[in-house]
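*Asks:* Here you go, sequence then predicted model.
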Amino acid sequence: MPATGVPQFRRLAVGGVLDGAAPALLPESADGHGPDRSPSGGPSRPRAHAEAVLVATFDTVTVALRHGLEAVDILRLRRACGAVLQSRNGATVSFLVPPGTSATWHLPGSSCTAGAQLLPATDPRWVMPPAGADCATRPTDPWVLRSALCEAACTLTAGGLGPS
């Protein structure tokens, strides 16, 4: 029996591959075919467990947990928050931003890397999961994110916590 009050998300990925992901962005297997493709090009049987998929359609801006969660709150109030992931160890959060952001991102207390590791929408590490009818992953505008991160740093510093 499912828990009451807990949102139930429909499964987006089979074998860790996002529905509708461009084949060129998916890792290839040793035989030169995509991960869920048979040599004839059609879908093969799904994998037994979900995995993360590394795609180049997003870059990631990573900040410390407290700083990131404060920025998420600010962005949510502005209705400008895209998809956000928490790290495996829970020490950082990563905002998905448009590709190419890493070439121009320079903000102390954060790092920006090219590529993004996308997880199934049901993974508990999503702080802000993909949303909408098609459960599309939406990036955060980098300039709006920069503003929110600066505002979050000021808020944390005024509260005596400071960005870590």
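*Replies:* That came through, no problem. Remember, it's a predicted structure, so these values are computed and weren't measured experimentally. Numbers count the residues shown, from 1 in each chain.
*Asks:* Can you show me the helices along the protein?
*Replies:* Counting by DSSP state H, the chain has helices at residues 65-77, 142-158.
*Asks:* Quick one: closest of these to residue 95.
*Replies:* If you check each of these against residue 95 by Cβ to Cβ, helix 142-158 wins as the nearest, at 5.6 Å. (Glycine included, C-beta is placed from N, CA and C.)
*Asks:* one step back: which of the helices of the chain sits closest to residue 92?
*Replies:* helix 65-77 (6.0 Å).
*Asks:* Is there a neighbour count for the nearest residue to residue 100 once chain neighbours are set aside? I'd like the number.
*Replies:* Distances taken as Cβ to Cβ, 6 or more residues apart in numbering put residue 59 closest to residue 100, at 7.0 Å, once the chain neighbours are dropped. By the criterion of other Cβ atoms under 10 Å, residue 59 has 23 neighbours.
*Asks:* how near is residue 59 to residue 135?
*Replies:* 21 Å (Cβ to Cβ, to the nearest Å).
*Asks:* same question, residue 103
*Replies:* 29 Å.
*Asks:* which of these two has more neighbours?
*Replies:* For residue 103 versus residue 135, the count of surrounding residues by other Cβ under 10 Å is larger for residue 135: 19 against 9.
*Asks:* And the pLDDT at that one?
*Replies:* Note on residue 135: pLDDT of 76.
*Asks:* Show me the shaky parts of this structure.
*Replies:* 1-56, 132-133, 162-164 (pLDDT under 70).
*Asks:* Okay then, goodbye and thanks.
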